[in-house]
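Peer 1: Generate coordinates for the sequence data below:
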Amino acid sequence: MILIFGAHGQVGWALQRSLALLAPVQALGREAVALESPAAVQALLQAMRPLAVVSAAAYTAVDKAEQEPTLAFAVNAAAPAAMAEAAAALGIPFIHFSSDYVYPGDKQGRYTETDPTGPLSTYGRSKLAGDEGVLAAGANAVILRTSWVYAARGHNFVKTMLRLGRERESLRVVADQVGAPTSAELLADVTAHVLKHQLAGAAVRGVYHCVAAGDTSWHGFACHIFAQAAALGAQLTITPAQVEAITTAEYPTPARRPPNSRLDCSKLERTFGLQLPPWQWHVDRTLKELLA
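Peer 2: The predicted model follows:
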């Protein structure tokens, strides 16, 4: 049995479909275990003794984390470290999801896995602490760092833009933060591929970047959503021409975001024989699902 933490989240939901190809799946939500308690997490894993563990549970309220650092670190750092320690004790594979927010975003090109980290926010620091705890546990662990996650379910940028596109006649969207919109569906499929290698005994432990190919700004992302949604017949009150490009300084938030979230995924593609599709491919697919 493959055990998934984060059953109700975007990635956790998608994982249940993808990982079912490898073995029976059991997905747990927050109601099943207190992630804030490392002892409870480890006791659960010792009792269940799964074939592998995948952690898609996370504290993702980036701005709220500035006021709740203790909770953010408990869920994003202590919990995955406890899972990895239990996985090491059981001798089973462990996969964890991390974030582009562990980087400062001041690099000119794409970040590689060996580049220095330097998170700008409490959320980013909590995710980095989780990465460090997982690696220190000595488990057969893979960390997938990703960015700008969305899906047809849950709360995300794609669904917010569709809602605002029906309610507003204009929008102002940040144009000086660049990254790769990445679907939960893509992450889940890559995870299944990685876990298959782990279960076969491949030596693939470590950190990998996993985002869709290409990049855009939040402004470019929004414009693509509106153009594609209109092409699919959605009745919107906004066109791409009515989306104003603004700077981060014009849209202040409690938590600082990295201006450059571009991640180099060549290590992942080379190690696992993958070719990650352009970011537009899964966005368009998601829009078709939402607007069907």
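Peer 1: which residue ranges form the strands in the stretch 1-150 of the chain?
Peer 2: Counting by DSSP state E, counting those that start in this stretch, one finds strands in the stretch 1-150 of the chain at the ranges 2-5, 25-28, 52-55, 93-99, 140-146, 149-150.
Peer 1: Packing partners of the shortest one?
Peer 2: With contacts defined as 3 or more C-beta pairs under 8 Å, 6 or more residues apart in numbering; DSSP states H and E, the packing partners of strand 149-150 are helix 10-19, helix 157-167, strand 182-183, helix 184-199. Every residue, glycine included, has its C-beta placed from N, CA and C.
Peer 1: out of those, nearest to residue 228?
Peer 2: Within those, the stretch nearest residue 228 is helix 157-167; the backing value is 10.2 Å (C-beta to C-beta).
Peer 1: okay, that closest one in CSV with CA atoms only?
Peer 2: Coordinates of each C-alpha in helix 157-167 appear next as CSV, following Å, rounded to 0.1, in the frame of the first residue of the first chain:
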residue,chain,number,x,y,z
PHE,A,157,-4.7,31.1,-9.9
VAL,A,158,-6.4,29.6,-12.8
LYS,A,159,-9.8,29.3,-11.0
THR,A,160,-9.4,32.8,-9.5
MET,A,161,-8.8,34.3,-12.9
LEU,A,162,-11.8,32.6,-14.4
ARG,A,163,-14.0,33.9,-11.6
LEU,A,164,-12.6,37.5,-11.9
GLY,A,165,-12.9,37.3,-15.6
ARG,A,166,-16.7,37.0,-15.2
GLU,A,167,-16.9,39.6,-12.4
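Peer 1: Buried residues in that helix, which are they?
Peer 2: Of the residues in helix 157-167, 157, 158, 159, 161, 162, 164, 165 count as buried by neighbour count, 16 or more other C-beta atoms under 10 Å.
Peer 1: Packing partners of it?
Peer 2: Against helix 157-167 (3+ C-beta pairs under 8 Å, 6+ apart) you get strand 149-150, helix 218-231, helix 279-291.
Peer 1: how does it look with 6 Å?
Peer 2: helix 218-231 (3 or more C-beta pairs under 6 Å, 6 or more residues apart in numbering; DSSP states H and E).
Peer 1: Who are the packing partners of the next helix-or-strand element following the helix it packs on?
Peer 2: Proceeding N to C from helix 218-231, the next assigned helix or strand is strand 243-246, under DSSP states H and E. Judged by 3+ C-beta pairs under 6 Å, 6+ apart, the packing partners of strand 243-246 are strand 171-174, helix 218-231.
Peer 1: Now do the next helix or strand after strand 243-246: everything it contacts.
Peer 2: On the C-terminal side of strand 243-246, the closest following helix or strand by DSSP H and E is helix 266-272. With C-beta atoms under 6 Å, 6 or more residues apart in numbering as the test, helix 266-272 has contacts from 113, 193, 208, 210.
Peer 1: Tell me the one among these nearest to residue 27.
Peer 2: Here the nearest of the contacts of helix 266-272 to residue 27, counting by C-beta to C-beta, is residue 193; it sits at 18.9 Å.
Peer 1: who's in contact with the nearest residue to residue 102 once chain neighbours are set aside?
Peer 2: Across the structure, with C-beta to C-beta, 6 or more residues apart in numbering as the measure, the residue nearest residue 102 apart from its sequence neighbours is residue 128 (4.3 Å). Contact criterion C-beta under 6 Å, 6+ apart gives 102, 117, 119 as the residues in contact with residue 128.
Peer 1: Only the buried residues of the helix or strand bottoming out on mean pLDDT in the chain, if you could.
Peer 2: Using mean pLDDT, DSSP states H and E, the weakest-scoring helix or strand in the chain turns out to be helix 38-48, at a mean of 90. For helix 38-48, the neighbour count (16+ other C-beta under 10 Å) marks 38, 41, 42, 44, 45 as buried.
Peer 1: Do I have it right that the first one meets residue 81?
Peer 2: No - in this structure residue 38 lies outside contact range of residue 81 using C-beta atoms under 6 Å: 7.2 Å.
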